[in-house]
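> Sequence first, then the predicted structure, then my questions.
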Amino acid sequence: MSVSFSSLSIPLSESSIRRPIHRSPDTHRINAASFPGAPIMSHSAASGCIVLNGGSSNLCRRFRGLKLWILERLNFQQLSENCRPVMESKRMTSQERNRLKNNLETDFSSEKEPASHGSSVFDAPNDSVTSSESSSLPQTSSSNSPIDVINRAPSLCIAVIGATGELARRKIFPALFALYYSGFLPEDVGIFGYSRKDITDEDLRSVIASTLTCRVDHQENCGDKMDAFLNRTYYINGGYDNRSGMSKLNARMEQIEGGGKANRIFYLSVPQEALLDVASCLASGAQTRKGWNRIIIEKPFGFDALSSLRLTQSLLSKFEENQIYRIDHLLGRNLIENLTVLRFSNLVFEPLWSRAYIHNIQVVLSEDLAVQPGRYFGGYGIIRDIVHSHVLQTIALLAMEPPISLDGEDIRNEKVKVLRSIRKLEPRDVILGQYKASSGNKVDVCLDSLTPTYFASALYIDNARWDGVPFLVKTGLGLIKHQMEIRIQFRHVPGNIYHECIGHNIDRATNELILRDVPNESILVRVNNKVPGLGLQLDSSELNLLYKDKYNMEVPDSYEHLLLDVIDGDNHLFMRSDELAAAWNILTPILNEVDKGNISLELYEMGGRGPVGAYYLWAKHGVRWVED
């Protein structure tokens, strides 16, 4: 389709006219009643052109306002060298220009407003960039047209540094597409992949295309959305010089942005040893000055308190605190997000949330044989990989005082208070283990390593709410099953008149609140109940909210959740620098003892229940070990 200004023809995509025009067999007319002095626009079915009917002598006068609107809304670079002198021959006063501009934008403003009285509306692209912030569209190799409505300048650009890595291919790009498909990313978003490989845009698109899927519960326009997403994905070969590479990235992003206002997010999916160099070069060479910049950093965030402090200082010398998002994908699980909702929006739980009613809290995360073990033997271990971020953040969300608002900083203020209140860990309250590899396993060479694959501990929070309540942690790799849950055990009923009806094991009659993520996400409340019949016998039963039965919907991946939080600027699930330091202060003494050989690693069978010492640790703190 094209627009014809007398002798001038300008191509337009069908998708650029979002609202369907009322058609007749040969010609489609657009009602110009809303545009005083404007010519009649018609669309010829035979030629595929929009023809603007009107004499050439008064074309300029009739389309001065429309030209201004088109220039500002579609970012024309030029209409035509032949038409320019004619269209600019008559100037408008600023008052007249603003009046016509307001009238036109009022008529064209909303694609959601239905056309009335049989009129058709020429619908403008919906963006919020003003004329002072907008510029012409970039000219790319894929299009030499002066108008590129499909590839409009983006208002948001997301760059994945390390785009050809496994994490980017399997998690980050699929999560970005899921957000795009569900409408949580702008239609004009720009996606950029950056790595050292010498490949093209099309090569990157081919690599990630096989990993993209649409929502199971609704797959409308799946193919079209996928094509649109891939067409807005670009690749930059950064080479081995990150300073030069970031300049290339910045130039490419500026080309796609077209000089307009656009925000930028940089996902640093790079090895820990390359993080500082990449971040430094990014800070000086790829940040935009026409919007905000945010960077996402993968764990581990250092190896101990000292290395983490140096990393933090380096990052804060280049970025502001509110620009840094330290991501832990386990914190994007629905279970974690639901902790504060369950606690602070239910009166039945909030009054009970203290040492007066709660005997202990257990945080359990076990992974089975399906999880690849290589990451734990890369020098990080389960303490740095799981305990430092996921486990301690979970405890902080469970134990924090009510924040004054849902603002991320208010929540993080309360979390850091909890972390600073955790008592110094004693080696006798920690059980470390490493699974025994058989001859058929791939990790035999690592058996002499001091890297633990299992961690169990009893943590105490020394404040008025939690004094004396043990927070028991159990997390490991290569165990009998994959399990993620939080188990809150309440105290016994004082002077329970039914104790004779409960049986010998009174612990089995303990009330519990169980928040389970894997397997089968659910919320369980264990209560005592009379068994039907003539006798008086009590039974411990579960009130069960099973998510798959209650909510008939697909649960988004945790990366989708966290990436959307970054886009929205919601940082409550991301560790602030002071939270990071407080967490390392808890664990660094234990790591030092391991390095000195003062804490031995107990071996356990692959596919078993973990070290036997963990059972004794639970008993030492008066807690029944529960194995469902």
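Good, I have the coordinates.
> helices and strands of the chain: which one bottoms out on pLDDT?
helix 84-87 (a mean of 38; mean pLDDT, DSSP states H and E).
> Where does pLDDT dip in the stretch 201-350 of the chain?
Along the stretch 201-350 of the chain, the parts satisfying pLDDT under 70 run over 216-219.
> The same query, at a cut-off of 50, please.
For the stretch 201-350 of the chain, applying pLDDT under 50 flags no range at all.
> same question, the stretch 1-150 of the chain
1-64, 67, 71, 75-150.
> Quick one, grab the pLDDT at V416.
Per-residue confidence at V416 stands at 97 (pLDDT).
> pretty sure it is in a helix, no?
Yes - when classified by DSSP: H, G, I helix; E, B strand; the rest coil, V416 is found to be part of a helix.
> Pull the contacting residues for it.
The contact partners of V416, by Cβ atoms under 8 Å, 6 or more residues apart in numbering, come to 396, 576, 578-579, 582. Using the backbone N, CA and C atoms, a C-beta is placed for each residue, glycine as well.
> Neighbour-wise, give me the winner out of these.
When neighbours are counted as other Cβ atoms under 10 Å, the busiest of the contacts of V416 turns out to be A396, with 25 neighbours.
> Quick check: the gap between R326 and L591.
For R326, the distance to L591 (Cβ to Cβ, to the nearest Å) stands at 19 Å.
> Mind listing what's buried along the helix ranked longest in the chain?
The residue-count maximum for a helix in the chain (DSSP state H) belongs to helix 577-596. The neighbour-count criterion (16 or more other Cβ atoms under 10 Å) identifies 577-591, 593-594 as the buried residues of helix 577-596.
> try stretch 243-257
Under the neighbour-count criterion of 16+ other Cβ under 10 Å, stretch 243-257 has 245-250, 252-257 buried.
> Mind listing residues that contact it?
Applying Cβ under 8 Å, 6+ apart, the set of residues contacting stretch 243-257 is 138, 140, 151, 153-154, 157, 159, 190, 192, 194, 234, 236-239, 262, 264, 281-282, 284-288, 290.
> and those residues, which of them are in helices?
Using DSSP H, the subset of the contacts of stretch 243-257 located in helices is 281-282, 284-285.
> ok, the closest residue to C157 other than its chain neighbours to I295 distance?
Beyond its immediate neighbours in the sequence, the residue positioned closest to C157 (Cβ to Cβ, 6 or more residues apart in numbering) is G190, lying 4.2 Å away. Taking Cβ to Cβ as the measure, G190 and I295 are separated by 17 Å.
> need the helices for the stretch 301-450 of the chain, in chain order.
Per DSSP state H, counting those that start in this stretch, the stretch 301-450 of the chain carries helices over the ranges 305-316, 334-344, 381-382, 392-399, 408-421.
> Looking at those, which is nearest to L459?
Each of the helices of the stretch 301-450 of the chain was checked against L459 via Cβ to Cβ, and the shortest separation belongs to helix 392-399, namely 6.8 Å.
> Quick one: list the elements packing against that closest one.
Using 3 or more Cβ pairs under 8 Å, 6 or more residues apart in numbering; DSSP states H and E as the contact criterion, the elements in contact with helix 392-399 are helix 334-344, strand 358-367, helix 408-421, strand 470-477, helix 577-596.
> Pull out the buried positions in the second one.
I take that to be strand 358-367. Buried positions in strand 358-367, judged by neighbour count with 16+ other Cβ under 10 Å: 358-367.
> Number of residues surrounding G165?
A count of nearby residues for G165, using other Cβ under 10 Å, gives 16.
> I'd say it and S195 touch.
Yes - contact status for G165 versus S195: in contact at 7.4 Å, counting by Cβ atoms under 8 Å.
> what's G610 sitting at in phi/psi?
The phi and psi values for G610, taken as degrees, to the nearest 10, are phi 100, psi -180.
> Tell me how many other residues crowd L156.
18.
> oh sorry, the question was meant for F344
Under the criterion other Cβ under 10 Å, the count of neighbours that F344 has is 14.
> I461 versus the closest residue to it other than its chain neighbours, what's the distance?
Ranked by Cβ to Cβ, 6+ apart and with sequence neighbours excluded, the top spatial neighbour of F344 is P402, at 5.9 Å. From P402 across to I461, the span is 16 Å (Cβ to Cβ).
> now I265
Note on I265: its distance to I461, by Cβ to Cβ, is 35 Å.
> With F455 instead?
Relative to I461, and taking Cβ to Cβ, F455 is found at 18 Å.
> before we move on, back to that, a markdown table please, covering the helices and strands packed on helix 392-399 and showing distance to I199.
As requested, these are exported to a markdown table (distance: least, Cβ to Cβ, whole Å):
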| stretch | distance to I199 |
| --- | --- |
| helix 334-344 | 36 |
| strand 358-367 | 33 |
| helix 408-421 | 37 |
| strand 470-477 | 34 |
| helix 577-596 | 35 |
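> how about the ones you listed, which one is nearest G608?
Once Cβ to Cβ is applied to the helices and strands packed on helix 392-399, the stretch that comes out nearest is strand 470-477, at 9.8 Å.
> and the angle from that closest one to strand 358-367?
Our comparison of strand 470-477 with strand 358-367, counting by axes from the mean of the first three to the mean of the last three Cα atoms, to 10 degrees, yields an angle of 10 degrees.
> Give me the contacts around strand 470-477.
With contacts defined as Cβ under 8 Å, 6+ apart, strand 470-477 is touched by 360-367, 371, 373, 376, 382, 386-387, 391, 395, 398-399, 433, 435, 453-461, 604, 610, 614, 617-618, 621-623.
> Mind giving me the ChimeraX select for those residues, buried ones only?
The following ChimeraX command selects only the buried members of those, with burial defined by 16+ other Cβ under 10 Å:
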select :360,361,362,363,364,365,366,367,373,376,382,386,387,391,395,398,399,433,435,453,454,455,456,457,458,459,460,461,604,610,614,617,618,623
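> Could you verify that I172 is part of a helix?
Yes - counting by three-state DSSP, I172 is found in a helix.
> Quick check: it touching I265?
No - I172 is beyond contact range of I265, at 11.0 Å (criterion: Cβ under 8 Å).
> neighbour count winner among these two?
Neighbours were tallied for I172 and for I265 using other Cβ under 10 Å; the higher tally belongs to I172 (25 against 21).
> and the nearest residue to the more buried one once chain neighbours are set aside, how far is that from N263?
Of all residues not flanking I172 in the chain, V160 sits nearest, at 5.5 Å (Cβ to Cβ, 6+ apart). Look at V160 and N263: by Cβ to Cβ, they are 16 Å apart.
> wait, isn't A458 in contact with Y616?
No - counting by Cβ under 8 Å, Y616 is not a contact partner of A458; they are 11.4 Å apart.
> so where's the stretch 401-550 of the chain shaky on pLDDT?
Regions of the stretch 401-550 of the chain meeting the criterion pLDDT under 50 cover residues 443-447.
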